[in-house]
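Undergrad: this is a predicted model, with the sequence first.
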Amino acid sequence: MNLFRVLASGKRGLNEENMSACLAWLLHPGMDHGFGPAFLKAFLAEIGSHAEAADAQFQGELARLGERIKYRLRSNSEDDLSIDVELEHNAGGQGFVDVLVSVNDDWVIAIENKISAASAQDSTQLLGQYRGLCDEACAGQPEPASPEGRRLMVFLVPPHSLAQAEEDFERSVLAEWNELQLGEMHRQDGKVLVSWRRRNGRPSIENVITRMLGDELDGEIEPLHDQTRHTLLALRRFISGDFEGYPFSRKKSVGGANPATEKRIRLSGLAKEADGFVGIAAGLSGLLCHLKEAPLDSRDFQFTRQDMSHVQNWLPARSVLAIAAAAQAGFPDIGAVMACAPDGKLSLPGDLLLWLAEQPGKPGFHVGIQGGAASLAAMSHRDVQGRKWGISTQAHTKQWIDSATFARLYRQARDRLA
């Protein structure tokens, strides 16, 4: 039995958040899998020789980190390491890191996970996360400050077979990887490209699992629990099968609609179907883009009464109605938008933020920017327009600026281009 394939056979499948949680569980030495730091050590050994950095000593330091991580019967020794694994870490308002591994104050290993090429839509995401982590490391230091410790940015990508074609993979997934240039990173930091599936000599999670199972067979690590060994074998098979569930007959799409769509409906009809869900490409961001171009009452929506609360690109009908009402009122506040954001977290491109900030109601919100207003003022129009920015109803740190300031500096960057 392969529970991963069983769960992936459901209409919601296993998404990136699920797989990130699975990876974090494996990497955390204190979780109930019972093999302590063995997976973390195997992971570091797998990626070590492939890491890229300006510092020639980086790979050697990474290897020594793996050697320092050991099983311990007694704690509180001088060389004890504090290892923490965190999901959805907010990197200084510059984006959310899927999995963050911290070792003492010496190392931060940030893993950005992608299980499909279609999810790599923001080419600046990895760069923004790196800048946010550097900003966190400089917190409390007098400016100009240099971040302490080392950071390793891990970009975990799907195998090529999950992309529609090789050129799609290069254009979408690897565009984000190439945006993070070594020249923009501090000398002591590095990056590494990792695949879920074994492919073309690239380090992979599949290889890490194989290494773990081989080390147990050779007596290099302690024996695994039967349930844990079965979980690793099932996960390796799931990865090698491109995250696919068991085959079953799907309802065919009609007229280009999502197979879950029951009918198409106008905004006026949604009021009578407020308990349903509306399918919109790019989800909440896509809905706002439609609003920016034309009123919502001018379009048809894909609609279903099925529970799509955890399915990407489906919004509750009540949320769509609330945003439409807020738009008619000129967006007197940002509450209707933030209420629709998953877990209250939302990132939007610069041109959409400018449009929101210029609404008649002048909705107040804050935008997270590493370096604050001074950093934004130095950016080009292309940088501001193309990047996605985290927004919030309040300023969490000095790096968050109000919407009016963002709009003013955005217009200045646009005017310089003209």
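TA: On my side now, so go ahead.

Undergrad: check which element follows the lowest-mean-pLDDT helix or strand in the chain along the chain.
TA: Ranked by mean pLDDT, DSSP states H and E, the weakest helix or strand in the chain is helix 166-179, scoring a mean of 60. Next along the chain after helix 166-179, taking DSSP states H and E as the criterion, comes strand 190-195.

Undergrad: in the stretch 1-150 of the chain, which ranges drop under the pLDDT threshold?
TA: Residues of the stretch 1-150 of the chain meeting the criterion pLDDT under 70: 11-12, 71-79, 117-123, 140-145.

Undergrad: same check, this time on the stretch 201-350 of the chain
TA: In the stretch 201-350 of the chain, residues with pLDDT under 70: 248-260, 342-344.

Undergrad: spell out, range by range, the strands that occur in it.
TA: 263-266, 277-279, 300-304, 314-316, 346-349 (DSSP state E, counting those that start in this stretch).

Undergrad: would you give the sheet partners of the fourth one, along with the direction of each?
TA: The reference is to strand 314-316. Paired strands of strand 314-316, with direction, are strand 277-279 (antiparallel) (DSSP bridges).

Undergrad: and the partner strand, how far from the chain's centre?
TA: Offset of strand 277-279 from its chain centre (CA atoms, centre = their mean, to the nearest Å): 23 Å.

Undergrad: can you give me the distance of Ala271 to Val337?
TA: According to CB to CB, to the nearest Å, Ala271 stands 20 Å off from Val337. Any C-beta I mention is one placed from the backbone N, CA and C, and that applies to glycine too.

Undergrad: more neighbours, these two?
TA: Neighbour tally, Ala271 and Val337, criterion other CB atoms under 10 Å: the higher count belongs to Val337, 24 against 10.

Undergrad: which residue sits closest to the more buried one, ignoring its sequence neighbours?
TA: Ile323 (6.4 Å; CB to CB, 6 or more residues apart in numbering).

Undergrad: which residues sit in contact with that neighbour?
TA: Leu287, Leu288, Leu291, Leu296, Ala336, Val337, Cys340 (CB atoms under 8 Å, 6 or more residues apart in numbering).

Undergrad: tell me how many other residues crowd the fourth one.
TA: Meaning Leu296. For Leu296, using other CB under 10 Å, the count is 19.

Undergrad: state the distance from it to Ser319.
TA: From Leu296 to Ser319 the distance is 12 Å (CB to CB).

Undergrad: got the strands of the stretch 201-350 of the chain as JSON lines, with mean neighbour count columns?
TA: Written out in JSON lines, the entries for the strands of the stretch 201-350 of the chain read as follows (neighbours: other CB atoms under 10 Å):
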{"stretch": "strand 263-266", "mean neighbour count": "15"}
{"stretch": "strand 277-279", "mean neighbour count": "24"}
{"stretch": "strand 300-304", "mean neighbour count": "20"}
{"stretch": "strand 314-316", "mean neighbour count": "20"}
{"stretch": "strand 346-349", "mean neighbour count": "20"}
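
Undergrad: could you dump the ones you listed to CSV with distance to Gly30?
TA: Shown next, in CSV, are the strands of the stretch 201-350 of the chain (distance: least, CB to CB, whole Å):
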stretch, distance to Gly30
strand 263-266, 49
strand 277-279, 38
strand 300-304, 41
strand 314-316, 36
strand 346-349, 31
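
Undergrad: quick one: which of these is nearest Pro158?
TA: strand 346-349 (21.3 Å; CB to CB).

Undergrad: just the CA coordinates of the helix or strand just after that closest one, formatted as PDB?
TA: Heading C-terminal from strand 346-349, the first helix or strand you meet, by DSSP H and E, is helix 350-357. Backbone C-alpha positions of helix 350-357 (Å, rounded to 0.1, in the frame of the first residue of the first chain) are rendered in PDB as follows:
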ATOM      1  CA  GLY A 350       3.500  46.200  -8.100                       C
ATOM      2  CA  ASP A 351       1.000  47.400 -10.800                       C
ATOM      3  CA  LEU A 352      -1.900  45.800  -9.000                       C
ATOM      4  CA  LEU A 353      -0.800  47.300  -5.700                       C
ATOM      5  CA  LEU A 354      -0.700  50.700  -7.300                       C
ATOM      6  CA  TRP A 355      -4.200  50.300  -8.700                       C
ATOM      7  CA  LEU A 356      -5.400  49.300  -5.200                       C
ATOM      8  CA  ALA A 357      -3.700  52.200  -3.500                       C
END
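
Undergrad: how about the helices of the stretch 51-200 of the chain, start to end?
TA: 58-68, 125-138, 166-179 (DSSP state H, counting those that start in this stretch).

Undergrad: and the ones you listed, which is most packed in?
TA: For those, ranked by mean neighbour count under the definition mean count of other CB atoms under 10 Å, the leader is helix 125-138 at a mean of 23.

Undergrad: so how far is Gly30 from the residue most central in space within the chain?
TA: Closest residue to the average C-alpha location of the chain: Asp98 at 5.0 Å, with CA atoms, centre = their mean. The spacing between Asp98 and Gly30, counted by CB to CB, is 19 Å.

Undergrad: can you check Val101 too?
TA: Val101 is 12 Å from Gly30, by CB to CB.

Undergrad: these two: which is more packed in?
TA: Taking neighbours as other CB under 10 Å, Val101 and Gly30 compare with Val101 leading, 23 against 10.

Undergrad: so who does that one touch?
TA: Contacts of Val101 by CB under 8 Å, 6+ apart are Leu27, Leu40, Ile83, Asp84, Val85, Trp107, Val108, Ile109, Ile111.

Undergrad: again with Ser146
TA: Contacts of Ser146 by CB under 8 Å, 6+ apart are Cys138, His186.

Undergrad: now with 10 Å, please.
TA: Cys134, Ala137, Cys138, His186, Arg187, Gln188 (CB atoms under 10 Å, 6 or more residues apart in numbering).

Undergrad: got it, and Ala110?
TA: 86, 89, 91, 95, 97-102, 126, 129-130, 132-133, 151-155, 191.

Undergrad: what about it, distance to Asp351?
TA: From Ala110 to Asp351 the distance is 28 Å (CB to CB).

Undergrad: before we move on, back to that, max pairwise distance over the contacts of Ser146: which two?
TA: Cys138 and Arg187 (15.4 Å).

Undergrad: my read: Val99 touches Val108, true?
TA: No - taking contacts as CB atoms under 10 Å, Val99 lies outside contact range of Val108: 11.3 Å.

Undergrad: what residues are shared contacts of the two?
TA: By CB under 10 Å, 6+ apart, the residues touching both Val99 and Val108 are His89.

Undergrad: stretch 191-199: how far from the chain's middle?
TA: 16 Å.
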